[in-house]
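[1] Have a look; sequence and predicted model below, questions after that.
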Amino acid sequence: MQKPAAGNLRRVTLSSLFGSTIEWYDFFLYGTVAGMVFNKLYFPEGDPFITTLLSYGVFAIGFLTRPLGAIIFGHFGDTLGRKKMLILTLVIMGGATVFIGLIPSYHQIGLWAPCLLILCRLIQGIGLGGEWGGAVLMTFESSPEKHRAFFASIPQVGMSLGLLLASAAIGLASMLLPDEAFMSWGWRVPFLLSGVFVIIGTYIRKNVAETEDFLKAQEEQKNAPKRIPLVELFRKNTGVVFTCMGMRLIDGVFFNIFGVFSLTWLTQTLHIPRDQAIVAILASALVMSFFIPFWGYMADRWGRARIFAMGATLSGLSAFPAFALMYNHPDNIWLVWTAIVIPFGIFHAAVFGTLSSVYSECFDASVRYTGISFAYQISGVFAGGLTPVLATIFSDMLGGKPWLICAYVLIIGLTSAICAVYLWRRTHGAGSINLPRSVLIK
């Protein structure tokens, strides 16, 4: 493989990180305020449990269209190029976020308010469904072979930075403004700021080169019959796709339990002040921003699946002690913060930091955009979108006690670890699912 130009690699890394940060910032803004604002402003007044459930239901809708975005942008990303799709997804995602900040409340326009909110979430899901795969592949395919896990982890940092920015923006508005002003207009400002970020991100992404892997795959397919990447994907890689989907479960479940649901649970069940709950998420995102590339670096040396399986297992096992600390010691904010920061900031980082390189090495470049996007986003519908809803129901079943939630996280964590081990064993053995031996077994 020809050594990538250092200047282009830096530009690619910066553009993927910045764009990914903006995309996740846009997506997480909704999750950050879902249980604090939207349940009060965009649905008819009534039982707080029902309105919160409805608010998280709209959050889940954003996950339903992510597979559609994966298929659409995966197809064109594998046929027209990664770079073009990344610019388009950024504009789509940012535009929907700005529009959310402009939607009047239920008291102003009635049912149009939740309907417009749902429409924006659907559009956001389509944009993010295509963004993730392209951002990962731009760095993965532009980096040297022996450092690909590390560079593929860089766009993943955009997730924690996006969460950090979203939580910080809402937290800052919440702390600086009285509750009445925050609920009236303060929460809208972070949504409107997305428009500025999109302009900057689009400029950066226009100045990067297409990846060598894609150009090579395009050249090889030049005289071949026209193909549909999704059809080719399942013709050759059905087993890999489903195994990757199983691996992804702990990522979606764990993130949405600790990064989304915990905000509502801490404030409504344990009556912890909203500002203190947000600080826990901010601290976790900050820690995660350092540990994601760290685990990517270690994956280049110890093996991708080994790091992933370790992270999935630790994440699953950590749920019971973490929620036990929070539930039994709500008055000790330091213990509450510790119970969130260590599992979310460190253990989950091992999962998310290595997932991108594991996925990317599982598929040929000609179907890689479609393959990683489809596996990631389809699994996300069940793992991510439904998790806050299920967690709310599980908590309510036990009167606010978190033990069913913990059992759910544990089962999912062990399932994802088993999928990673299975992938490693099949790769290491006879190779009946036709994976490259470089996957995870350095």
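    The structure has been received and is ready for your questions. A quick note: this is a predicted structure, and the numbers were derived from the prediction, not measured.
[2] starting at the chain centroid, how far to the host helix or strand of Phe73?
    Phe73 is part of helix 66-79, with elements assigned from DSSP states H and E. Centroid separation for helix 66-79 versus its chain: 17 Å, with CA atoms, centre = their mean, to the nearest Å.
[3] who's in contact with the residue most central in space within the chain?
    In the chain, the centroid-proximal residue (CA atoms, centre = their mean) is Met159; its distance is 5.9 Å. Each residue near Met159 by CB atoms under 8 Å, 6 or more residues apart in numbering is listed here: 20, 24, 288, 292, 352. For glycine as for every other residue, the C-beta is placed from the backbone atoms N, C-alpha and C.
[4] These in strands, which ones?
    Among these, no member falls in strands (criterion: DSSP state E).
[5] possible to save the residues you listed as CSV with neighbour count and pLDDT?
    Converted to CSV, these look like this (neighbours: other CB atoms under 10 Å; pLDDT from 0 to 100):
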residue, neighbour count, pLDDT
Ser20, 29, 83
Trp24, 27, 81
Met288, 28, 93
Ile292, 28, 96
Phe352, 25, 93
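[6] Return the set of buried residues in the helix holding Phe73.
    66-67, 69-79 (16 or more other CB atoms under 10 Å).
[7] Need the contacts of Met159 in CSV (columns: distance to Phe394).
    Converted to CSV, the contacts of Met159 look like this (distance: CB to CB, whole Å):
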residue, distance to Phe394
Ser20, 31
Trp24, 26
Met288, 25
Ile292, 28
Phe352, 23
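[8] So which of those residues is the closest to Tyr42?
    Ranking the contacts of Met159 by separation from Tyr42, with CB to CB as the measure, puts Trp24 on top at 22.3 Å.
[9] Need the contact partners of the host helix or strand of Pro388.
    Per DSSP H and E, Pro388 falls inside helix 387-397. In this structure, residues lying in contact with helix 387-397 by CB under 8 Å, 6+ apart are 31, 34, 49, 52-53, 56-57, 59-60, 252-253, 256-257, 260-261, 264-265, 269, 401-402, 404-405, 408.
[10] next one: it to chain centre, how far?
    Helix 387-397 has its C-alpha centroid displaced from the chain centroid by 20 Å (CA atoms, centre = their mean).
[11] May I see the buried residues of the helix or strand just after it?
    Beyond helix 387-397 in the direction of the C-terminus, DSSP H and E gives the next helix or strand as helix 403-428. Across helix 403-428, burial judged by 16+ other CB under 10 Å covers 403-406, 408-410, 412-424, 426-427.
[12] Verify the stated contact: Gly201 with Thr89.
    No. In this structure, Gly201 is not within contact of Thr89 by CB atoms under 8 Å, at 10.3 Å.
[13] CA atoms of the helix holding Phe73 as CSV?
    What follows is helix 66-79 as a C-alpha-only set of coordinates in CSV (Å, rounded to 0.1, in the frame of the first residue of the first chain):
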residue,chain,number,x,y,z
ARG,A,66,-30.8,5.7,10.3
PRO,A,67,-30.8,2.4,8.4
LEU,A,68,-32.4,4.2,5.5
GLY,A,69,-29.6,6.8,5.6
ALA,A,70,-27.1,3.9,5.8
ILE,A,71,-28.5,2.3,2.7
ILE,A,72,-28.8,5.5,0.7
PHE,A,73,-25.5,7.0,1.5
GLY,A,74,-23.8,3.7,1.7
HIS,A,75,-24.8,3.0,-1.9
PHE,A,76,-23.6,6.3,-3.2
GLY,A,77,-20.6,6.3,-1.0
ASP,A,78,-19.5,3.0,-2.5
THR,A,79,-20.3,4.1,-6.0
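[14] what helices or strands is the worst-scoring helix or strand of the chain on mean pLDDT leaning on?
    Within the chain, no helix or strand scores below helix 48-64, which has a mean of 72 by mean pLDDT, DSSP states H and E. The contact analysis (3 or more CB pairs under 8 Å, 6 or more residues apart in numbering; DSSP states H and E) places helix 48-64 against helix 6-33, helix 39-41, helix 112-140, helix 387-397.
[15] Which among those helices is found nearest to Ala319?
    helix 387-397 (10.9 Å).
[16] mean confidence for that closest one?
    Helix 387-397 shows an average pLDDT of 85 in the prediction.
[17] Likewise for stretch 97-110?
    For stretch 97-110, the mean per-residue pLDDT is 87.
[18] Quick one: end-to-end distance for that stretch.
    The straight-line separation of the ends of stretch 97-110 (CA to CA, to the nearest Å) is 20 Å.
[19] can you list contacts of that stretch?
    Outside stretch 97-110, the residues touching it (CB under 8 Å, 6+ apart) are 26, 29-30, 41-44, 112-114, 116-117, 120, 124, 188-192, 194-195.
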